[in-house]
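Enquirer: when you get a sec, could you give me coordinates for this:
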Amino acid sequence: MLLPAAHGEIDWSVPVKFLDKEFARVARGARAGSRAVDRLAEVVLRDGGQTWVLVHIEVQAQRDADFARRMYRYHLRIFDHFDREPVSIAVLADPEPAWRPNAFGYERWGCRAGLEYPVAKLTDWAGRVDELRQGSNPFGIAISAHLASLATRGQPESRMQQRLALYRAMRRMGVSQEQASALITFMDWVLELPEELEDRFWSEVREEEGETTMQYMSRFEEKAMERGRLAGRQEGRQEGRQEGRQEGRQEGVVLGRRDGLLRAIELGIDLRFGEKALGLMDHIRRVTSVEALQRITDAIKDAQSPEELLRYAAD
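Expert: This is a model prediction of the structure:
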């Protein structure tokens, strides 16, 4: 999508091999700060050959005067250290359409050195959002999500509507469960919402899907359960402090954790199986064992029916 010429020459039937250890060796000392989004990969070409591809992703809010120099430095280190001729590619996710550094070099007294590399600028797709969302390439959803994050800064309600539109587009695209999980995680990250809008977002998703189980589980459920656990631990610590005794602290922690787990379970059941399944909470609230409640919490994601959770309720 971003570099069709490269895409057409790669044999995608052969899995891409990511060279994280190799890249860590050459990048050590050459990078300024953490640049975990840079990837070095080995791909097989349709003509039977192989090549290394250095994909350098720049995600930041402003220009970086050292970007092109860093591209050159990485490229040169790979060539020198491994005696390989990498293809360097820059993906620019910043909001400035005019900033697109694509070369670095220097010359003196007839000595010339440098590097030119292709640049994929995500803002170039700003006027083609419908194409991104209606196509068949899942990466179009990812690009559209990034563009939506730039367009909705400081507008949480608009951001939520954009996430809903992207989720629907993803479902229409018919992506695999693995692809959907990656896209949902990415959208959750770049289109982060306040807690109340996050809850609203997933409530609307569940309503649109009816009483059937959601095909795609989101990090939201995990975060919601974690919020419950954290709330429980906090309440436990508070109650323990008020008691002022070791016994009180221990009892407060247990009671608080139990309450937090119950809230996490209720939210998880609602999201996973729908409101009608919440009648099960009458049975679960009778469980006194924190360990049993933790087992129920952990089982929600993979359970095929709400009744199946009762197997984990034995003290």
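
Enquirer: any weak-confidence spans in this structure?
Expert: For the chain, the stretches with pLDDT under 70 are 28-37, 57-62, 210-256, 271, 314-315.

Enquirer: what domains does the record give for it?
Expert: Using automatic domain parsing, the domain ranges for the chain come out as 4-117, 127-208, 219-312.

Enquirer: alpha carbons only: can I get stretch 298-310 in PDB?
Expert: What follows is stretch 298-310, C-alpha atoms only, in PDB (Å, rounded to 0.1, in the frame of the first residue of the first chain):
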ATOM      1  CA  ASP A 298      -9.200 -15.300  34.000                       C
ATOM      2  CA  ALA A 299     -11.700 -17.700  32.300                       C
ATOM      3  CA  ILE A 300     -14.100 -15.100  30.900                       C
ATOM      4  CA  LYS A 301     -12.100 -14.500  27.700                       C
ATOM      5  CA  ASP A 302     -12.200 -18.100  26.600                       C
ATOM      6  CA  ALA A 303     -15.400 -19.400  28.100                       C
ATOM      7  CA  GLN A 304     -18.000 -20.600  25.500                       C
ATOM      8  CA  SER A 305     -21.000 -19.900  27.800                       C
ATOM      9  CA  PRO A 306     -21.700 -18.000  31.000                       C
ATOM     10  CA  GLU A 307     -22.600 -21.200  32.800                       C
ATOM     11  CA  GLU A 308     -19.200 -22.600  32.100                       C
ATOM     12  CA  LEU A 309     -17.800 -20.000  34.500                       C
ATOM     13  CA  LEU A 310     -19.500 -21.700  37.400                       C
END
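
Enquirer: and it, which residues are buried?
Expert: Buried residues in stretch 298-310, counted by 16 or more other CB atoms under 10 Å: 300, 303, 306, 309. No exception for glycine: its C-beta is placed from N, CA and C like everyone else's.

Enquirer: surely the last one touches residue 297?
Expert: Yep, that's residue 309 we're talking about. No: if you go by CB atoms under 8 Å, residue 309 and residue 297 don't touch, sitting 9.4 Å apart.

Enquirer: gap between stretch 68-82 and the chain center?
Expert: For stretch 68-82, the separation from the chain centroid amounts to 28 Å (computed by CA atoms, centre = their mean, to the nearest Å).

Enquirer: buried ones in it?
Expert: Buried positions in stretch 68-82, judged by neighbour count with 16+ other CB under 10 Å: 68, 70, 71, 72, 73, 74, 75, 76, 77, 78.

Enquirer: now stretch 88-96
Expert: If you call a residue buried by 16+ other CB under 10 Å, then stretch 88-96 has these buried ones: 88, 89, 90, 91, 92, 93, 94, 95.

Enquirer: one more: stretch 16-27?
Expert: Residues of stretch 16-27 classed as buried under the neighbour-count rule (16+ other CB under 10 Å) are 19, 22, 23, 26, 27.

Enquirer: ranges for the strands of the stretch 101-250 of the chain?
Expert: Using DSSP state E, counting those that start in this stretch, the strands found in the stretch 101-250 of the chain span residues 103-108, 111-116, 119-121.

Enquirer: okay, those strands, which one's buried deepest?
Expert: Using mean count of other CB atoms under 10 Å, the stretch among these with the greatest mean number of neighbours is strand 119-121 (a mean of 19).

Enquirer: so what secondary structure elements neighbour that strand?
Expert: Contacting strand 119-121 under the criterion 3 or more CB pairs under 8 Å, 6 or more residues apart in numbering; DSSP states H and E are the following elements: strand 87-92.

Enquirer: relative orientation of the strand it packs on and strand 111-116 in degrees?
Expert: Orientation check (axes from the mean of the first three to the mean of the last three CA atoms, to 10 degrees): strand 87-92 against strand 111-116 gives 60 degrees.

Enquirer: from the chain's centroid, how far away is strand 87-92?
Expert: For strand 87-92, the distance between its averaged C-alpha position and the chain's averaged C-alpha position is 21 Å (CA atoms, centre = their mean).
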